[in-house]
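Peer 1: Predicted model follows, preceded by the sequence.
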Amino acid sequence: MKEYDDQKHYLVAVDCIVFGFDGEELKILLVQRGFEPEINKWSLMGGFVGPDETPDVAAIRVLKDLTGLEGVYFDQLQIYGEPKRDPIERTLSVVYFALIDINKYKQQLNTDYHAEWFVINERPKLIFDHNEMVEDAKKKLRQKAILYPILFELLPKKFTLPQLQNLFEKVNDIKVDNRNFTRKIIATGFMIKLNEKDKLNSKKGAFYYKLDKKRYSTNFQALVNIVPNSRN
């Protein structure tokens, strides 16, 4: 087969941004890089696309190999191709982000590669252009949360309204009034109240809710009024 002899060949990599929520803080999962350059510096999970892999397949493999995680919500962010982003060789990176409920995946997460959770706004400096990737992923998360129920991937199947409010505040970097949030979120009609309470965090207890995905799909724009700056 004829090769493109007159064209330069480049490496293609994948990087995976894993967002997690533990009920209180929005966090990101990082690993320490095991080779030069930037050895032992904090990094996103990454690796190269194999000759027989698509970027999607490579990203799923890298995430499983480095963290043990599989079967989680996964979406492509974008491609990063600044010519000198990797000091060793020209490398294009296809970036993905994943969303998980940290408490659900505690047992599945392995620590072979020193994977560690950091509060999103307290993370250490990352290698190369990984900080830029994280900031872009945060913006994409806010935008997609208006149209799709992806934030609920960060919550357990049943959750309290205080947990939901806390997550909304962390993702959007804002504070919202407690009573207004509760009133508006219930008014959307996509919250199903359960006959169970979480009594671990208060004597009175808070009722559990779950998401009605069908109603959400017809009334998702209601979230714009709850988190007005989530369009940014």
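Peer 2: Received the coordinates, thanks.
Peer 1: In the protein, where's the longest helix?
Peer 2: In the chain, assigned by DSSP state H, the helix with the most residues is helix 130-147.
Peer 1: So which residues make contact with whichever helix or strand comes after it?
Peer 2: Next in sequence after helix 130-147, counting helices and strands by DSSP states H and E, comes strand 159-160. Contact with strand 159-160 is made by 198, 201, 206, 207, 208, 209, 210, as judged by Cβ atoms under 8 Å, 6 or more residues apart in numbering. For the C-beta atoms, the positions are set from N, CA and C on the backbone; glycine is no exception.
Peer 1: Mind listing the strands strand 159-160 pairs with, and their directions?
Peer 2: According to DSSP bridges, strand 159-160 has the following sheet partners: strand 206-211 (antiparallel).
Peer 1: List the buried residues in the strand it pairs with.
Peer 2: Neighbour-count burial for strand 206-211, with 16 or more other Cβ atoms under 10 Å as criterion, is recorded at 206, 208, 209, 210, 211.
Peer 1: Just the C-alpha atoms of the longest helix of the chain, please, in PDB.
Peer 2: The C-alpha trace of helix 130-147 is given here as PDB (Å, rounded to 0.1, in the frame of the first residue of the first chain):
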ATOM      1  CA  HIS A 130      -3.300  19.500  31.300                       C
ATOM      2  CA  ASN A 131      -4.500  22.500  33.400                       C
ATOM      3  CA  GLU A 132      -6.000  24.000  30.300                       C
ATOM      4  CA  MET A 133      -7.700  20.700  29.500                       C
ATOM      5  CA  VAL A 134      -9.200  20.600  33.000                       C
ATOM      6  CA  GLU A 135     -10.500  24.200  32.800                       C
ATOM      7  CA  ASP A 136     -12.100  23.400  29.400                       C
ATOM      8  CA  ALA A 137     -13.700  20.300  30.700                       C
ATOM      9  CA  LYS A 138     -15.200  22.200  33.600                       C
ATOM     10  CA  LYS A 139     -16.800  24.600  31.100                       C
ATOM     11  CA  LYS A 140     -18.000  21.700  29.000                       C
ATOM     12  CA  LEU A 141     -19.500  20.100  32.000                       C
ATOM     13  CA  ARG A 142     -21.500  23.200  32.900                       C
ATOM     14  CA  GLN A 143     -22.800  23.600  29.400                       C
ATOM     15  CA  LYS A 144     -23.800  20.000  28.900                       C
ATOM     16  CA  ALA A 145     -25.500  19.900  32.300                       C
ATOM     17  CA  ILE A 146     -28.200  22.300  30.900                       C
ATOM     18  CA  LEU A 147     -29.200  19.900  28.200                       C
END
